[in-house]
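J.: quick one, what's the 3D model for this:
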Amino acid sequence: MQKVSFAKIRASYGLIGNNNIGNYTQYALVNNTVNAVFGDNVATGAAVTSLANRNLSWETTKQFDIGLDLGLFNDRIQFIYDFYNKRTTNLLYAVQVPQESGFGNFYDNIGEIKLWGHEFSLTTRNLDGALKWKTNANISFNRNKVMELAPGIDRVYGSFHITQVGQAFGQFYGLVKEGFYKNADDLKNSPQAPGQSAIGTIKFKDVNGDGKITYGGDKDDRTIIGNPFPKFTYGLTNEFSYKNWDLSIAGSGSHGNQLWVRHLYSTANLDGVFNMVAGVKDRFRVQNAVDADGKSVATTVISEGKGMFGATNNGGTYTGIERDWNSSHFLADASFFTIKNVTLGYGIGKVGNVFKSARVYASVQNVYVFTKYWGGPNPETSANGAGNGDGGNLSQGVDFSNYPVPRTWTLGVNLNF
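T.: Reported below is the predicted structural model:
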């Protein structure tokens, strides 16, 4: 038996264009169904609804690929490797413009991004006798980097994200949570958010080292705090057959990506009477006392809780920053492995004079999800990953408490005439 039964090196290079931003986006569009009031009369009219850009052009992607196909031991083991490197220039993007212009944005060609990655696939025939067993495994490592944005602009902000030159696009952006102020000494000796920090409230990292916590402005303590993109994705499929029986088990997963648990803004709102996530019952608890100025302030720690939610005693001025200031408090590890499908079948063979063969089968979709994600039932969710909403593809990995993926049971028959 030959050790190397097949070997092939592949390489390719190409350019491709993209203009998928809708029709007539280079023109100033006019809505002719608007009304205007002149004195006591309403007159029909027209209004410009978008800005023109006659210099708008296609974005261009240059891509280089190289790969290796390898077969070992009569192709009993097949290995495939691919490396790709592509650069996209003249990106089509809806650039924000000052509201004073009367418009929110306009389409322009800006910047350059680089994407590259390594992809591996391995197929093996483990057993070839009466019992057959075949395995297919794959793993991919994909990366991206912003090389350039518009002239004079080195970053673009979203509600929870930042896209910055020199970094991967759509990174989570906010303050770094360091826990909670545990006692009076901890409060005194740590940077505070002026007028909004107390014993039992959330504690943030002083990133710029100026001795206080600032959200926004010139002394902003926000920084890149997480990544919605996985370090790698992978899949595994096993196929078995014995006489007339066949069984397949397929799964896939990702590792190292995070989700922004957006629903905590509501489901962990400490400022009123709301339905909340169960973890709030294990929040930090303190007892208040009246100080020399007649103010009620937290003084005694009753329980530090489980470190997820702060105390409520001090009211919205204090609890509000836990909810309203974007921080790593909202981030969760969304690594997972899902058994996507299990199918068991039985081949009957010829059935009468009509059917050449038949097969009955039962299958289950979304069998089980292995994950430590605590934000909801679906670690694969991404409310803004489809190109809509908050920045579209620049704002992936946000969990708005979306619907879980259902488990589906199927019984079926395949008939061949």
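J.: now the helices: where do they sit in this structure?
T.: Taking DSSP state H, the helices of the chain run over residues 184-188, 264-267, 316-324.
J.: mean confidence for the longest one?
T.: Mean pLDDT, computed over helix 316-324, is 88.
J.: one more: the second one?
T.: For helix 264-267, mean pLDDT is 89.
J.: before we move on, what about stretch 43-54?
T.: 89.
J.: what's the first-to-last distance across it?
T.: This stretch, stretch 43-54, spans 31 Å end to end (Cα to Cα, to the nearest Å).
J.: pLDDT at the residue of the chain most remote from its centre, what is it?
T.: For the chain, the residue at maximal distance from the C-alpha centroid (Cα atoms, centre = their mean) is residue 353, at 53.9 Å. We have a pLDDT of 77 for residue 353.
J.: just residue 153 next, same as before
T.: With respect to pLDDT, residue 153 scores 85.
J.: burial measure for it, as a count.
T.: Neighbours of residue 153 under the rule other Cβ atoms under 10 Å: 13. No exception for glycine: its C-beta is placed from N, CA and C like everyone else's.
J.: would you mind measuring from it to residue 93?
T.: Noted for residue 153: a distance of 11 Å to residue 93, by Cβ to Cβ, to the nearest Å.
J.: the strands in the stretch 51-200 of the chain, which residues?
T.: In the stretch 51-200 of the chain, the strands defined using DSSP state E, counting those that start in this stretch lie at 59-72, 77-96, 105-128, 131-148, 155-157, 161-164, 171-174, 177-180.
J.: now the stretch 251-400 of the chain
T.: Secondary structure of the stretch 251-400 of the chain (DSSP E, counting those that start in this stretch): strands located at 258-261, 285-290, 296-303, 331-333, 336-347, 357-371, 398-399.
J.: can you list the strands that the fourth one pairs with?
T.: Spelled out, that is strand 331-333. strand 258-261 (antiparallel) (DSSP bridges).
J.: please save the CA atoms from the strand it pairs with in CSV.
T.: The C-alpha coordinates for strand 258-261 follow below in CSV (Å, rounded to 0.1, in the frame of the first residue of the first chain):
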residue,chain,number,x,y,z
GLN,A,258,-18.0,36.6,23.1
LEU,A,259,-21.5,37.9,23.1
TRP,A,260,-22.8,41.2,24.4
VAL,A,261,-25.7,40.2,26.7
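J.: mean confidence (pLDDT) on that strand, please.
T.: The pLDDT scores in strand 258-261 average 96.
J.: now do it: distance to the chain's middle.
T.: Remark: strand 258-261 is offset 7 Å from the chain centroid, using Cα atoms, centre = their mean, to the nearest Å.
J.: what of stretch 372-384?
T.: Relative to its parent chain, stretch 372-384 has a centroid offset of 9 Å by Cα atoms, centre = their mean.
J.: residues contacting it, please?
T.: 228, 259, 261-264, 332-336, 338, 369, 371, 389-392, 395-405 (Cβ atoms under 8 Å, 6 or more residues apart in numbering).
J.: low-confidence bits of this protein, can you list those?
T.: In the predicted model of the chain, residues 1, 383-392 satisfy pLDDT under 70.
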